[in-house]
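>>> Just the structure for this:
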Amino acid sequence: MVSKAVANSMLFLRIVALAASVVTVVLLFTNKVKFDDGSKLRFQDFNSYRYEAVVAIIGGAYCILQLPFAIYYAVQQKRLIRNGFLPEFDFFGDKVICVLLATGVGVGFGVSMEFKKLFDDIFDSVGTSKSDPTRKTYDKFFVRGIVASAILLVAALSMIIVSLISSINRNRSKGIFS
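Reported below is the predicted structural model:
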């Protein structure tokens, strides 16, 4: 059994991860720009952004799945299912979600930063000013991708901390840290 503060912290961090995952999905799904010639650029045009969105959805779904158990644990100071399954599920599930969220962050930052730099270099090489509408449109699109990745990073960091705590809880329940 852990202290009430630790249980409450885990609950809070799961809520933070859920909120950050939801905000990331909203930012990515609404990341659409239209150019002066009528052409459009959407997050779906990039497999990397699709991957980031799917990872954020999986992370959010996992947090939703864990919330009732985390709330019960924080309020009652005991597990809802007491056969040792939940600490094991928390341990392995938290690890998998941490890795997924971290890969989503890496992919999102990677594609956003690289394409933003690429288009900035192209526009600079042809002498386009910073106030050019096409350049500003590309910048808006990729900066929004960077912001979505930064928010997903908050979810990943929250889940990393939860993962560390669940590791300690699992080891305590097995008598390793007792």
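
>>> moving C-terminal of whatever helix or strand residue 105 lives in, what's the next helix or strand?
Assessed by DSSP states H and E, residue 105 sits inside helix 85-125. Counting by DSSP H and E, the next helix or strand C-terminal to helix 85-125 is helix 133-173.

>>> give me every residue that touches the closest residue to residue 42 other than its chain neighbours.
Excluding its sequence neighbours, the residue lying closest to residue 42 (Cβ to Cβ, 6 or more residues apart in numbering) is residue 32, at 4.7 Å. Where you see a C-beta, it was placed from the backbone N, CA and C, and this is true even at glycine. For residue 32, the contacting residues are 40-43, by Cβ atoms under 8 Å, 6 or more residues apart in numbering.

>>> try 10 Å this time
By Cβ atoms under 10 Å, 6 or more residues apart in numbering, the contact list for residue 32 reads 40-45, 141, 144.

>>> Could you do residue 9 as well?
2-3, 74, 161-162, 165.

>>> buried set for stretch 47-62?
48-49, 51-53, 55-60, 62 (16 or more other Cβ atoms under 10 Å).

>>> Sitting in helices, which of those do you find?
Using DSSP state H, the subset of these located in helices is 48-49, 51-53, 55-60, 62.

>>> I'd like those residues written out as a markdown table, with distance to residue 132 added.
A markdown table is the format used below for these (distance: Cβ to Cβ, whole Å):
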| residue | distance to residue 132 |
| --- | --- |
| 48 | 25 |
| 49 | 24 |
| 51 | 30 |
| 52 | 28 |
| 53 | 29 |
| 55 | 33 |
| 56 | 32 |
| 57 | 35 |
| 58 | 38 |
| 59 | 37 |
| 60 | 37 |
| 62 | 42 |
